[in-house]
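In: sequence and predicted structure are below.
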Amino acid sequence: MEGGFGQNSVPSSGSFDKSVIMDVKPMRTLLPVFPTSSQAPSSGQCPSGFSPFFPFGGPQGSPTPGGAMPAPLRSFRSPLGSKSSKRGSSSRPSHRKNKKTSESEIDLSSVLGISPAQREDGSREVVNFLLMMFDALRRRLCQLEDAKEIITGLTKRPDLKAGNTLMSKGIRTNMTKRIGVVPGVEIGDIFFFRMELCIVGLHAQSMGGIDYMTIRGEFEEEPLALSIVSSGEYDDNADDENVLIYSGQSGNFGKKEKLVADQKLQRGNLALDRSSRRHNEVRVIRGVKDAFNQNSKVYIYDGLYKIQDSWIEKGKSGSGVFKYKLVRMPGQLSAFSVWKSVQKWKTGFPSRNGLILTDISSGAESVPVSLVNDVDHERAPAAFTYFHSLRYPKSFILMRPSYGCNCTKACVPGDLNCSCIQRNEGDFPYTGHGLLVSRKPLVHECGPTCHCFPNCKNRASQTGLKHHMEVFKTRDRGWGLRSLDPLRAGTFICEFAGEVIDKGKFNENGGIGFKDDYVFDTTRIYDPFKWNYEPRLLEEVSSNDTSEDYDIPSPIIISAKNFGNVARFMNHSCSPNVFWQPVVYEENNQSFLHIAFFSLRHIPPMTELTYDYGITRSDHTEGSSMPKGRKKCLCGSSKCRGSFG
């Protein structure tokens, strides 16, 4: 109250009555504000070092009146990589040293190739690059947290920390707010974290379900809705594939909290109301439970909708709730409908159209692999024996024998007494969810002679398929492979199984090299690409931060023509979504090399899995446009080389 004592007012000196108990709110409930200066953020912008999403991601109501706004408490945290005022104070020794760099003032967004124009308007290439960079950084933070190397003050939500780090440095895209399509984002794209939506400009609110912008109307400014996230937080009716009944927002964001008052026609609710009158397009992102992590969600971009109707109805608590009926615009690619169909197929009902076999592995895999052809009348691929690993010749010697670790139960990240962790340069190669953290010259996994349990997370590539795979007939490239499950970046897919061929017996001049379409050759030339996290984002200095080149002790050639697994069906692409990683572990007192496939980025269900077949070194030297043995590439990528093999 003006002229009196409010809840948080402080009496002037000399008038304080000690008998009165003041009702003072804790500091965390006070509104954080920023100092007014020439550097104060304008609408939609963010000062360096602060989170560019809420409250900078969009209009969130009227600004606080009356002058200065103090900085939020998080801005006074010690920067990552420092502990107090000391350097190198980590309790865990490692080959990778954490230091503060002298490049803190460098514009990392420009260094990493994100131009000012790309920050405002993205492209498919930029969106994919940023999503890969975000998840690489998030996995590294998970790795540090798992190793208990996290300093005081670092959040235990690596996704939020990774998102804040990128956005505060301007490493983002599609900052220009717009109605309708977002450049570089495609219908059916999946996201595992809300921060990913912010980074690519699909939905600017890291918490709120309604994103909107203010435009100049005929008489006054009015908000218009840009996108909504329907994630089951409220009483939405989200089962229909083309119609969504969306509940308005209120101040209660907890899942278990009930509304105690009628919702108000303000902020996001007002934006939806105005959009229903103007009939503008609204982007819809649907959130569904992650089958592999029940505490998480997968977010599916389902395309553009229009608000057809709105009304108020009584909620479960008896309070008034705004309801909005959104109808999907026709002529768009399928997204949520595909997701719903896949869930039914995995339960076995109804039967798939074109289903030939329910399990092509005949029980060799713990997860069945279906065989489907809804293109033509071919009944099956050429006969082969399903085998889930490698067959090495008895005389084949690849590496010296190694000794397993002495860990009890399971290997613990950060434990340098573990010999397997020592071989991985002091880092545990996988996150707690089994995702590969970084591409490495060679990943060392635990083997049969290790004392750790068989379910140790450092055996990620040895347990066979973990996801529902499907061999299907493509329209122009023979048989292919896809997953019925969504795949996170870094997910182990499968090993390339088959028979290891002696290099001396491999005849590239008309022999097995030309007759066998199912050969994997580690000696081929593969296009380099960046997949690992950028150390400078965490102020790390690493001696091997740029090395993603493989270091294979002895090259191997694998034929999957007669013996193999689902990997033999993966087709080539010049812009693949899968990559291979050499993995070594001990078998029968001998260390052998294996080729493991991991997802390059997030892969939606029913998306074909592809990897780069590479180019033979002799062809690369000759420089011919189509040397003998090469095949015409039909990947359709904008970066297509024209041929492969």
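Out: Arrived safely.

In: what about N353, neighbour count?
Out: Neighbourhood size, N353 [other Cβ atoms under 10 Å]: 10. (Glycine included, C-beta is placed from N, CA and C.)

In: could you point out where the stretch 301-450 of the chain is predicted with low confidence?
Out: Counting by pLDDT under 70, the ranges of the stretch 301-450 of the chain that qualify are 394-401.

In: what about 80?
Out: Where the stretch 301-450 of the chain drops to pLDDT under 80, the residues are 315-318, 348-351, 393-403.

In: where do the strands of it begin and end?
Out: With strands called from DSSP state E, counting those that start in this stretch, the stretch 301-450 of the chain shows them at 320-328, 355-357, 369-372, 385-386, 390-391, 443-444.

In: packed most tightly, which of the ones you listed would that be?
Out: Mean neighbour count (mean count of other Cβ atoms under 10 Å) peaks for strand 443-444 among the strands of the stretch 301-450 of the chain, with a mean of 22.

In: which helices and strands does it pack with?
Out: strand 578-587 (3 or more Cβ pairs under 8 Å, 6 or more residues apart in numbering; DSSP states H and E).

In: can I have the strand it packs on written out in PDB, keeping just the CAs?
Out: Taking Å, rounded to 0.1, in the frame of the first residue of the first chain, the C-alpha atoms of strand 578-587 are listed here in PDB:
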ATOM      1  CA  VAL A 578      24.800 -42.600 -37.800                       C
ATOM      2  CA  PHE A 579      28.600 -42.800 -37.400                       C
ATOM      3  CA  TRP A 580      31.000 -45.700 -36.500                       C
ATOM      4  CA  GLN A 581      33.400 -45.800 -33.600                       C
ATOM      5  CA  PRO A 582      36.200 -48.400 -33.100                       C
ATOM      6  CA  VAL A 583      35.800 -50.200 -29.700                       C
ATOM      7  CA  VAL A 584      38.200 -52.700 -28.300                       C
ATOM      8  CA  TYR A 585      37.800 -55.200 -25.400                       C
ATOM      9  CA  GLU A 586      39.400 -58.400 -24.400                       C
ATOM     10  CA  GLU A 587      38.100 -61.800 -25.500                       C
END
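
In: in contact with the closest residue to I615 other than its chain neighbours, which residues are there?
Out: Computed as Cβ to Cβ, 6 or more residues apart in numbering, the closest residue to I615 that is not its neighbour in sequence is I525, at 4.7 Å. I525 is in contact with G614, I615, T616, R617, H620, counting by Cβ atoms under 8 Å, 6 or more residues apart in numbering.

In: distance of the fourth one relative to T522?
Out: From R617 over to T522 the distance is 11 Å, taken as Cβ to Cβ, to the nearest Å.

In: between those two, point out the one with more neighbours.
Out: Legend: neighbour count by other Cβ under 10 Å for R617 and T522, higher for T522 (17 against 13).

In: next up, phi/psi of the residue nearest to I615, please.
Out: Dihedral angles of I525 (phi, psi; degrees, to the nearest 10) stand at phi -90, psi 120.

In: do you know the pLDDT at it?
Out: Looking at I525, its pLDDT stands at 90.

In: distance check, it against A560.
Out: Using Cβ to Cβ, I525 is found at 21 Å from A560.

In: again, but for W345
Out: W345 sits 26 Å away from A560, going by Cβ to Cβ.

In: quick one: pLDDT of the nearest residue to S638 once chain neighbours are set aside?
Out: Using Cβ to Cβ, 6+ apart and skipping residues adjacent in sequence, the residue nearest S638 is S575, 7.3 Å away. At S575, the pLDDT value in this model is 95.

In: with M69 instead?
Out: pLDDT, M69: 40.

In: show me what contacts R439?
Out: Residues in contact with R439, defined by Cβ under 8 Å, 6+ apart, are W531, N532, E548, F579, Q581.

In: R630: which of the residues you listed is nearest?
Out: F579 (21.3 Å; Cβ to Cβ).

In: burial count for the closest one?
Out: Residues contacting F579 under the criterion other Cβ under 10 Å number 20.

In: distance of it relative to R140?
Out: For F579 relative to R140 (Cβ to Cβ), the value is 17 Å.

In: hmm, L484 and E470 touching each other?
Out: Yes. Here E470 reaches L484: they are 5.9 Å apart, a contact under Cβ atoms under 8 Å.

In: which of these two has more residues huddled nearby?
Out: Neighbours per residue (other Cβ under 10 Å) separate E470 from L484, with E470 holding more: 24 against 17.

In: my read is the more buried one is in a helix, agree?
Out: No. Applying DSSP: H, G, I helix; E, B strand; the rest coil, one finds E470 to be strand, outside a helix.

In: quick one: contacts for it?
Out: V369, S370, L371, V372, L481, R482, S483, L484.

In: got it, and F598?
Out: By Cβ under 8 Å, 6+ apart, F598 lies in contact with L436, G490, T491, F492, I493, V578, F579, W580, Q581.

In: return the member of those nearest to M175.
Out: Checking the contacts of F598 one by one against M175 (Cβ to Cβ), the nearest turns out to be G490, at 27.3 Å.

In: can you pull the pLDDT of that closest one?
Out: Confidence score, pLDDT, at G490: 97.

In: quick thing: my sequence starts at 98, can you match it?
Out: Sure, I'll start numbering at 98, so the last one becomes G587.

In: which SSE is it in?
Out: Counting by DSSP states H and E, there is no helix or strand that carries G587.

In: count of neighbours near it?
Out: 26.

In: does the residue nearest to S735 touch Y708 like I think?
Out: No. Using Cβ under 8 Å, S672 makes no contact with Y708, being 10.7 Å away.

In: those two: which has the busier surroundings?
Out: Neighbour count, other Cβ under 10 Å: between S672 and Y708, Y708 has more, with 22 against 18.

In: across the sheet, point out what pairs with that one.
Out: Beta-bridge pairing for Y708 (DSSP bridges): H669.

In: okay, domains of the protein per the record?
Out: Annotated domains of the chain cover 206-273, 282-347+359-443, 452-497+559-622+649-714 [the TED database].
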